[in-house]
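Q: Return atomic coordinates for the entry below.
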Amino acid sequence: MAGLLFQRVAGISGALAVSAGAYGAHGFRRSDTDEYRKELFETANKYHFLHSLALLGVPRCRKPMVAGVLLSSGMLMFCGSFYYHALTGDPTLSKAAPWGGTLLIAGWAALAL
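A: Here you go, the predicted model:
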């Protein structure tokens, strides 16, 4: 049951990643935003997309709820803080990125165990 939930989350997340990528390529990229913020947006989008795909593997692992929650939470914290900083210029949420990255690593490990 949890595996199917995260399969749906993967689909929604993937659609959002493609939408964000389109915005980054056609809107945000062409703005007068500094290069660092554009790089942050690109990094967030790359990790968002890759980890959306990783969620598709969740139904095949032993503990799908654990792996799914870790990957989803990690994406939200890591990618979300990067997207926020890139779009607003406000680095307030940047401290969440390392925690999000740690959750992503743990999510990959949970897929393997």
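Q: For the rest of this, base every contact and every neighbour count on C-alpha atoms.
A: Noted.
Q: where along the chain do the helices fall?
A: 2-23, 35-55, 64-88, 96-112 (DSSP state H).
Q: Need the residues that contact the longest one.
A: Meaning helix 64-88. Helix 64-88 has contacts (C-alpha atoms under 8 Å, 6 or more residues apart in numbering) with 2-3, 6, 37-38, 40-41, 43-45, 47-48, 51, 55, 58, 61, 90-94, 96-104, 106-108, 110-111.
Q: For Arg29, which of the helices of the chain is the nearest?
A: helix 35-55 (6.4 Å; C-alpha to C-alpha).
Q: Kindly export the closest one (C-alpha atoms) in PDB.
A: Presented in PDB, the C-alpha positions along helix 35-55 are these (Å, rounded to 0.1, in the frame of the first residue of the first chain):
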ATOM      1  CA  GLU A  35      24.300  33.600 -11.600                       C
ATOM      2  CA  TYR A  36      24.600  32.000  -8.200                       C
ATOM      3  CA  ARG A  37      20.800  32.000  -7.800                       C
ATOM      4  CA  LYS A  38      20.400  30.500 -11.300                       C
ATOM      5  CA  GLU A  39      22.800  27.800 -10.300                       C
ATOM      6  CA  LEU A  40      20.900  27.100  -7.100                       C
ATOM      7  CA  PHE A  41      17.700  26.700  -9.100                       C
ATOM      8  CA  GLU A  42      19.400  24.300 -11.600                       C
ATOM      9  CA  THR A  43      20.800  22.200  -8.700                       C
ATOM     10  CA  ALA A  44      17.400  22.100  -7.000                       C
ATOM     11  CA  ASN A  45      15.700  21.000 -10.200                       C
ATOM     12  CA  LYS A  46      18.300  18.300 -11.000                       C
ATOM     13  CA  TYR A  47      18.000  16.800  -7.500                       C
ATOM     14  CA  HIS A  48      14.200  17.100  -7.600                       C
ATOM     15  CA  PHE A  49      14.000  15.300 -10.900                       C
ATOM     16  CA  LEU A  50      16.500  12.500  -9.900                       C
ATOM     17  CA  HIS A  51      14.800  11.800  -6.600                       C
ATOM     18  CA  SER A  52      11.400  11.800  -8.100                       C
ATOM     19  CA  LEU A  53      12.600   9.000 -10.300                       C
ATOM     20  CA  ALA A  54      14.100   7.300  -7.200                       C
ATOM     21  CA  LEU A  55      10.700   7.300  -5.600                       C
END
